[in-house]
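# how would this look folded up:
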Amino acid sequence: MKTLKIITALFFVSVLLNSCEKDPYAEDKENHTFFRCKVNGKEWHNEGYGFYGDLSTISYNSYTFHNIESRGAFAASITYRPNESIHEHLSISKFSNLKIENNSIENTTSPIFFDYTNDNFDEYYLDTLYHSNLYIIDIDSIIELIKGEFEFRGITKDGLKTINITDGEFDWKVYWYK
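Residues are numbered from 1 along each chain as shown. The predicted model follows:
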């Protein structure tokens, strides 16, 4: 009887440990609709926050000029809107020379993060004093996928507020422009 209790206890412990190790984003990764990061330490993910139509996209553009293929523009435009009072939007761009390795995020005059939370409106621009990272892991032009990781810091124009985007990763079926 004691052996049966030990076996039963070991079974339940192994089931519990296996359930803890499962990737909560496995289905999104399999469907290539996976995008997540931490915004000031808080998890920010497409499944948890919901996509609304075409508001969330990742696109990629490659072109050939004089028989030399160039990896062109990359743009991610992701919206977080769990309810009517919260609307956040993140944009990442790399306009040229995208490589399967580390790339810096493009410094533009456009905001990189918008926060419309609770009647508040903040625009964050890429903080060029902080390192930005866009690491492209894979670009597959046959099945039109792009995988990567990213992090950056945004700052308001007045310099009074910052936002840290860390632990970012994506596996996305892209809108492919050729």
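# all helices of this structure, in order?
Under the criterion DSSP state H, the chain contains helices at 2-21, 26-31, 46-49.
# Tell me, please, the helix or strand in this structure that averages the lowest pLDDT.
Using mean pLDDT, DSSP states H and E, helix 46-49 stands out as the lowest-scoring helix or strand of the chain, at a mean of 48.
# Just give the number of residues close to Ile139.
Neighbourhood size, Ile139 [other Cβ atoms under 10 Å]: 19. In short, each C-beta sits where N, CA and C put it, glycine included.
# I'd say it and Ile100 touch.
Yes. Counting by Cβ atoms under 8 Å, Ile100 is a contact partner of Ile139 at 6.2 Å.
# And stretch 91-110, end to end?
9 Å (Cα to Cα, to the nearest Å).
# in it, what's buried?
The neighbour-count check on stretch 91-110 (16 or more other Cβ atoms under 10 Å) flags Ser91, Ile92, Ser93, Lys94, Leu98, Asn103, Ile105, Glu106 as buried.
# Below-threshold pLDDT in this protein: ranges please.
Where the chain drops to pLDDT under 70, the residues are 1-21, 46-73, 82-83, 118, 175-178.
# Could I get the full set of strands for it?
Assigned by DSSP state E, the chain shows strands spanning 33-39, 42-45, 57-65, 68-83, 86-94, 102-103, 113-115, 122-126, 133-140, 145-155, 162-173, 175-177.
# Contacts made by the shortest one with the rest, please.
Spelled out, that is strand 102-103. For strand 102-103, the external contacting residues (Cβ atoms under 8 Å, 6 or more residues apart in numbering) are Lys94, Asn97, Asn133, Leu134, Tyr135, Ile136.
# Looking at these, spot the one nearest Glu43.
Glu43 lies nearest to Asn133 out of the contacts of strand 102-103, by Cβ to Cβ, at 19.0 Å.
# List the beta-bridge partners for that closest one.
In this structure, Asn133 bridges to Glu151 when assessed by DSSP bridges.
# give me every residue that touches it.
Counting by Cβ under 8 Å, 6+ apart, Asn133 touches Asn102, Asn103, Ser104, Ile105, Glu149, Phe150, Glu151, Phe152.
# List just the nearest of those to Tyr25.
Nearest to Tyr25 among the contacts of Asn133, with distances taken as Cβ to Cβ, is Glu149, at 13.6 Å.
# give me the number of residues near the closest residue to Arg81 other than its chain neighbours?
When the adjacent residues along the chain are set aside, Arg81 lies closest to His87, with 5.0 Å between them (Cβ to Cβ, 6 or more residues apart in numbering). His87 is flanked by 18 other residues according to other Cβ under 10 Å.
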